[in-house]
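Engineer: here is a sequence with its predicted model. Questions after.
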Amino acid sequence: MIKWISFSLSILLLSACGTSVKRVDSDETIDLSGAWNDSDSRMVAEEMIDDAVSRPWIGDFVSKTGNIPTVIVGDVRNLSHEHINVKTFIADMERSLVNSGKVDFVASSKERGQIRDERIDQDINAREETRKAAGQEAGADFMLIGQINTIIDVDSNEQVRFYQVDLTMVSMTDNRKVWLGQKKIKKFVKNSKLRY
């Protein structure tokens with residue numbers, strides 16, 4: 001009987017320490033730590049790109065050239081106090097830019113390297129009628145660059161986390177800044193186990 005009770009208690013303790021997983025909608029905002037998360041990335045990217053494509057620089061470019069502008073995303077630097085996956089943020093911005101339908105979009109330098117390698121391979125291995133010729137790439141008219149900064153204010157088990165994202169659309173022709181965007185997020189975090 002004692003062995004059976006010990007065994008039952010062991011099973012009960014082990015099951016109490018188990019992992020629990022609940023699937024949630026990927027658009028649902030869940031903020032566990034107060035740090036930058038997927039919801040912040042998506043929200044900031046969508047709001048800033050919506051603002052960028054609603055400004056006069058696009059209309060000005062179309063009226064001068066007769067074409068919609070071609071954009072590339074350059075560096076977005078993480079100057080914050082925490083690890084932020086900038087690649088996810090850039091992917092969110094690229095998606096918002098492409099889906100706006102108001103700009104054309106070209107591949108990044110890393111992506112272009114892969115595509116150029118494929119063209120070289122096609123030049124050797126593909127049938128002539130299916131080969132894609134080198135030297136036909138579209139050049140970008142504008143580059144989007146930016147940075148993410150934070151200010152952290154901590155007192156005991158309370159913390160205010162302030163995020164500021166600054167983006168700039170720069171003309172590739174003459175380095176003019178045609179759009180400046182800024183988004184701020186402020187979070188108040190209270191946690192008995194708060195770490196900086």
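Structural biologist: Ah, there it is.

Engineer: burial of residue 65, as a residue count?
Structural biologist: The number of residues packed near residue 65 is 10, by other CB atoms under 10 Å. (C-beta placed from N, C-alpha, C; glycine too.)

Engineer: other SSEs contacting the strand or helix carrying residue 71?
Structural biologist: Using DSSP states H and E, residue 71 falls within strand 70-78. With contacts defined as 3 or more CB pairs under 8 Å, 6 or more residues apart in numbering; DSSP states H and E, strand 70-78 has these neighbours: helix 86-100, strand 104-105, strand 142-155.

Engineer: and those as CSV, adding mean pLDDT and mean neighbour count?
Structural biologist: Listed next are the helices and strands packed on strand 70-78 as CSV, based on pLDDT from 0 to 100; neighbours: other CB atoms under 10 Å:
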stretch, mean pLDDT, mean neighbour count
helix 86-100, 89, 17
strand 104-105, 90, 16
strand 142-155, 92, 17
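
Engineer: export those to JSON lines and tack on distance to residue 161?
Structural biologist: Listed next are the helices and strands packed on strand 70-78 as JSON lines, based on distance: least, CB to CB, whole Å:
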{"stretch": "helix 86-100", "distance to residue 161": "16"}
{"stretch": "strand 104-105", "distance to residue 161": "32"}
{"stretch": "strand 142-155", "distance to residue 161": "6"}
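
Engineer: of all the ones you listed, which lies closest to residue 177?
Structural biologist: For residue 177, the closest of those is strand 142-155, at 9.8 Å, according to CB to CB.

Engineer: what's the angle between the strand holding residue 71 and helix 86-100?
Structural biologist: Angle, strand 70-78 to helix 86-100, by axes from the mean of the first three to the mean of the last three CA atoms, to 10 degrees: 150 degrees.

Engineer: who touches stretch 79-94?
Structural biologist: By CB atoms under 8 Å, 6 or more residues apart in numbering, the residues outside stretch 79-94 that reach it are 35-36, 38, 41-42, 44-46, 48-49, 73, 76-78, 105, 144, 147-150, 152, 163, 167.

Engineer: rerun that using 7 Å as the cut-off
Structural biologist: By CB atoms under 7 Å, 6 or more residues apart in numbering, the list of residues contacting stretch 79-94 from outside reads 35-36, 41-42, 45, 49, 73, 76, 78, 105, 144, 147-150, 152, 163.

Engineer: start and end of stretch 98-108, how far apart?
Structural biologist: With CA to CA, to the nearest Å as the measure, stretch 98-108 spans 14 Å from end to end.
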